[in-house]
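Q: The sequence and its predicted three-dimensional model are supplied below.
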Amino acid sequence: MFRHLASRAVRSASRVVRSAAPAARTTRTMGTSTSGATTWAEAMQAHQKGIFLALSGVGLGLALTEMFPRASTEAKLWEVESNEVRQRPDLPVYTLKDLRAHTSDETGYWVAFKGAVYDVTSFVDAHPGGAGRIKMAAGNDLMPFWDVYRLHLRGHIVPLLEEKYRIGTLNAHDAREAANFVFSDPYEYDPPRIPENTPCTHKPYCGEARLDLLTESYFTPNELFYTRNHNTVPDVDAEDYELIIEGNGVNRTVFTLEDLKTKFEQIEIVTAIQCAGNRGEDYHGLGKGPSGATFLAPHWSAGAISNCKWTGVRIRDLLKVAGLDVDAVHNGELYLEDGQHLKMWAYDTDETGEEYGASTYMDKIVDPNGDCIIAFKMNDRDIPRDHGFPCRAIIPGHAGARQPKWVHRLEIVSAPYCVLQCLNLPQSMTFEEDLSSWPPKRADADYRANAVVQEMPVQSLICNPPQNAIIGAKGLENLTIKGVAWSGGGSAIKRVDVSMDNGENFTDSELYKPVVQRRKGNWGWTQFFHTFELSDDIKSRLEKGEKVNLMLTSKAVDGQFNVQPEHPNAFVNPRGTAVNHWYRVSVTLDPSLPNDYMVNPQAEASKRGQYANVPSGGAFRIPFREGGWQNGNNADNETTFDWHKYATPENTKNEPGIEASIDWDFYRSIKAPNFYDKAKKVNSGNPEECTPCQKKAMAAEAKRKAAMQS
């Protein structure tokens, strides 16, 4: 039924072969564009040079570094841009035998890296990627593992090891032997992806939707929808699929996929999903610990959010068949003291066989308006493997991690399941001092359970113009911006205010949402757009041949009138979760270029297989290095297209739910179900007359079409 790729990887990882010496590191260039009067490389070079100098020219009053200040360098004791170990003649010299004598709970866990030895026993259960992977690496050099998991080579992990866990050094011969093996890549059978699904890390694959494409249709194409994988993508046979219901208050019950599709009412739910750590890169370098780093993977820039229509069956209906009186639980007539949470287990496992799991609250599950489903369709197609084929959980309004893909078991339990990556902890805690050993002294199990991110805060992102775009401005009169906004917990978006001068002045934008949802069930996102007329000052400068830099931004207001904060500093947390300060987009108006011309750095990057999205403000605070992938042992002999499998007509033929490229016409034709569609409608006694909600939706659609045409 299910190819257990992880086990095979563990077996093959034990093979020992001679390793070739890594070649000298080379520098890659981005290449050039062949269209337009100015090449992409030339335009970007000029743009990057001018971005810091031009900001004050339009009255922004803040330089980029002042908008997003890096914490005081005096407080930064650690170098967070290095993968090199230090010379430590003051520490003991160990042998390979010593290293391999520490590979169990009884002896503790030691690892090596480039000849340095680290005792990581206290870190095992704190590892965001799971304890099993640390134990798997014990007694060996980390580099063969990290050549697959290159996110560790971003530059801030090795300094953490050096500061917290360094205990000695291997002799030169044993240092070579410790790294003299091959860790076989367990991701060989992952599905193909399109370049527009742009990865901030490749293994496990975590790909963002390219931001500038999120306003091309209301429903995010399956191929583009952001991908968050914790492990290899499982290969599940639909005919053998089973969903198990068990736990407190229910009888153990097993459903097949056919049962789900034929024995229960199918419903369609439109919802956005956002990763709890979306935009976490904005916190990297602002951390309150001594390194200033954010120790969370992946480091999303902004595109870990997408929106689509899901088809499936209500989880409450499954629990009802399994013996739970869901209506009595929902109405407060029945209280399950040992059943306040639903834990969901998934088929995906790490190399040691540990399953991914998550939990959410039972009151959300049993609420008939909670819309929690087991989904088997995504945008009217089978769910792709990357997104959970054949079934996944959809818990609308909650963080993506609370909605496991490839779900195969639902268990009613008394306590929440704590996922290490998804904790929102106070600034008084730091990863270096509080979370680098486990359990943390200042956060017991109850404290951590309450810190798990469920509903998400209000968010908005300007998607167009693209970040760092160079816009032809010869004769330009106005500038149209487009974006997406969403708030967790089912709260509607009341307003999105937009600015073209870094928030000195705001105006409200037009909102577009083609689906009418319940007041407390606004799961789908809202798109927004606005056309700014250029000021006389900007026009004058353009007429003089001067390039003008603009800092665009937006702030959304939700149904509870929560609003996005202006700056990140007060909200920085050690796990980099629930990030929602203003997302700023830097663009340059170039009067030497025609006004129908634009250099789109995101499109150019994805053509080259490179990471396309950029953090707020248009620059990385700490060098990204393709999420560490430029620092692998064989990176010199690789192109970016070697790092994972790209979609072609041939390799997508038998893949469910995706094609080799995006069929935009299909996704624009998808019909959105309104919450009242199946209800009896009463309006002035005339069933043929449109309801006010329908009229509002049609008016919004007309505005949307007019904006898209412009």
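A: Looks like it arrived, so ask away.
Q: pLDDT on stretch 392-407, on average?
A: Rounded to a whole number, the mean pLDDT of stretch 392-407 is 97.
Q: Just the buried residues of that stretch, please?
A: Judged by neighbour count (16 or more other C-beta atoms under 10 Å), stretch 392-407 contains these buried residues: 392-407. Any C-beta I mention is one placed from the backbone N, CA and C, and that applies to glycine too.
Q: Closest to residue 446 out of those residues?
A: Of all those, the one sitting nearest residue 446 is residue 402; the distance, using C-beta to C-beta, is 18.7 Å.
Q: Report the separation between that closest one and residue 85.
A: When distances are taken as C-beta to C-beta, to the nearest Å, residue 402 and residue 85 turn out to be 38 Å apart.
Q: what's stretch 642-649 in contact with?
A: With C-beta atoms under 8 Å, 6 or more residues apart in numbering as the test, stretch 642-649 has contacts from 187, 190-195, 199, 202-203, 205, 223, 609, 629, 651, 658-661.
Q: can you map out the helices along the stretch 301-450 of the chain?
A: Taking DSSP state H, counting those that start in this stretch to define them, one finds helices in the stretch 301-450 of the chain at 315-321, 326-330, 362-366, 445-450.
Q: Pull the number of nearby residues for residue 592.
A: By other C-beta atoms under 10 Å, the residues close to residue 592 number 13.
Q: oh, and call the first residue 435 from now on, that's how I've got it
A: Sure thing, new numbering starts at 435, so read that last one as residue 1026.
Q: Work out for me the element it sits within.
A: Per DSSP states H and E, residue 1026 falls inside strand 1019-1028.
Q: just to revisit the earlier point, right, and the helices of the stretch 735-884 of the chain - which one's nearest residue 565?
A: Taking C-beta to C-beta as the criterion, helix 879-884 is the member of the helices of the stretch 735-884 of the chain that comes nearest to residue 565, at 15.4 Å.
Q: any idea of the angle the helix or strand that that closest one is followed by forms with strand 1019-1028?
A: In the C-terminal direction, the helix or strand that comes right after helix 879-884 (DSSP H and E) is strand 893-898. On the basis of axes from the mean of the first three to the mean of the last three C-alpha atoms, to 10 degrees, strand 893-898 is oriented at 10 degrees to strand 1019-1028.
Q: Pull the residues that contact strand 893-898.
A: Residues outside strand 893-898 that contact it (C-beta under 8 Å, 6+ apart): 645-649, 708, 712, 736, 739, 914-921, 927, 930, 932, 962, 986-990, 998, 1014, 1017, 1019.
Q: Out of those residues, list just those in strands.
A: The strands, defined by DSSP state E, take in 708, 739, 914-920, 927, 930, 932, 962, 986-990, 1019 from the contacts of strand 893-898.
Q: model confidence over stretch 558-565, on average?
A: For stretch 558-565, the per-residue pLDDT values average out at 91.
Q: Distance from that stretch to the middle of the chain?
A: 19 Å (C-alpha atoms, centre = their mean, to the nearest Å).
Q: Could you do stretch 615-624 as well?
A: Shown here is stretch 615-624, whose average C-alpha point lies 23 Å from the average C-alpha point of the whole chain (C-alpha atoms, centre = their mean).
Q: center of this structure - which residue?
A: By C-alpha atoms, centre = their mean, the chain has its centre lying nearest to residue 738, at 3.4 Å.
Q: Who are the contact partners of that residue?
A: The neighbourhood of residue 738, defined by C-beta under 8 Å, 6+ apart, consists of 640, 642, 643, 660, 662, 708, 709, 711, 712, 713, 834.
Q: tell me which of those residues is nearest to residue 885?
A: Looking at the contacts of residue 738 and their distance to residue 885, the nearest is residue 711, at 13.7 Å (C-beta to C-beta).
Q: wait, the closest one sits on residue 736?
A: No. Here residue 711 does not reach residue 736: they are 11.4 Å apart, not a contact under C-beta atoms under 8 Å.
Q: ranges for the strands of the stretch 485-634 of the chain?
A: If you assign secondary structure with DSSP state E, counting those that start in this stretch, the strands in the stretch 485-634 of the chain sit at 527-528, 537-538, 542-547, 550-553, 600-604, 631-635.
Q: Nearest to residue 566, out of those strands?
A: Checking the strands of the stretch 485-634 of the chain against residue 566 by C-beta to C-beta gives strand 542-547 as the closest, at 11.5 Å.
Q: roughly how far is that closest one from the heart of the chain?
A: The gap between the average C-alpha position of strand 542-547 and the chain average comes to 30 Å, counting by C-alpha atoms, centre = their mean.
Q: now the angle from it to strand 600-604?
A: Orientation of strand 542-547 against strand 600-604 (the same axes, to 10 degrees) gives an angle of 60 degrees.
Q: Pull the residues that contact strand 542-547.
A: Residues lying outside strand 542-547 but in contact with it, judged by C-beta under 8 Å, 6+ apart, are 519, 532-533, 536-537, 551-555, 558, 568-569, 571-577, 592, 595, 601, 604, 609, 612-613.
Q: and the closest residue to residue 819 other than its chain neighbours, how many neighbours?
A: What sits nearest to residue 819 in space, not counting adjacent residues and going by C-beta to C-beta, 6 or more residues apart in numbering, is residue 625, at 4.6 Å. Other residues lying near residue 625 total 22 when counted by other C-beta under 10 Å.
Q: And for residue 848?
A: Under the neighbour criterion other C-beta under 10 Å, residue 848 is assigned a count of 12.
Q: got the contact list for it?
A: Shown here is residue 848, whose contacts under the criterion C-beta under 8 Å, 6+ apart are 682, 771, 772, 773, 774, 775.
Q: go again using 6 Å as the cut-off
A: When contacts are counted by C-beta atoms under 6 Å, 6 or more residues apart in numbering, residue 848 touches residue 772.
Q: what about it, distance to residue 755?
A: Separation of residue 848 from residue 755 (C-beta to C-beta): 22 Å.
Q: just residue 726 next, same as before
A: Note on residue 726: its distance to residue 755, by C-beta to C-beta, is 52 Å.
Q: Then residue 673?
A: According to C-beta to C-beta, residue 673 stands 21 Å off from residue 755.
Q: who's more crowded, those two?
A: Neighbours were counted for residue 673 and for residue 755 using other C-beta under 10 Å; residue 755 has more, 15 against 10.
Q: need the contact list for the more buried one.
A: Contacts for residue 755 were tallied using C-beta under 6 Å, 6+ apart; there are none.
Q: try the one 4 residues further on
A: Taking C-beta under 6 Å, 6+ apart as the definition of contact, the neighbours of residue 759 are residue 768.
Q: Not counting its neighbours along the chain, what's nearest residue 904?
A: The nearest residue in space to residue 904 (C-beta to C-beta, 6+ apart) is residue 1033, at 4.0 Å.
Q: Confirm for me that residue 756 is in contact with residue 682.
A: No. The pair residue 756 / residue 682 is not scored as a contact, 11.4 Å apart, by C-beta atoms under 6 Å.
Q: So between these two, which is more surrounded?
A: In terms of neighbours (other C-beta under 10 Å), residue 756 is the more surrounded of residue 756 and residue 682; the figures are 21 against 16.
Q: ok, now how distant is the more buried one from residue 744?
A: Computed as C-beta to C-beta, the residue 756 to residue 744 distance reads 22 Å.
Q: Got the confidence number for residue 1143?
A: pLDDT recorded at residue 1143 is 61.
Q: Next: residue 877.
A: 83.
Q: do residue 1140 as well
A: According to the prediction, residue 1140 has pLDDT 69.
Q: Also residue 731?
A: 86.
Q: Would you mind measuring from the closest residue to it other than its chain neighbours to residue 660?
A: In space, not counting the residues next to it along the chain, residue 731 is nearest to residue 585; the distance is 5.2 Å by C-beta to C-beta, 6+ apart. For residue 585, the distance to residue 660 under the criterion C-beta to C-beta works out to 17 Å.
Q: Looking at those two, which is more packed in?
A: More neighbours surround residue 660 than the other of residue 585 and residue 660, with 25 against 22 (other C-beta under 10 Å).
Q: That one contacts residue 740, doesn't it?
A: Yes. Counting by C-beta under 6 Å, residue 660 touches residue 740, with 4.9 Å between them.
Q: all helices for the stretch 985-1134 of the chain, in order.
A: Secondary structure of the stretch 985-1134 of the chain (DSSP H, counting those that start in this stretch): helices located at 1035-1041, 1098-1102, 1126-1143.
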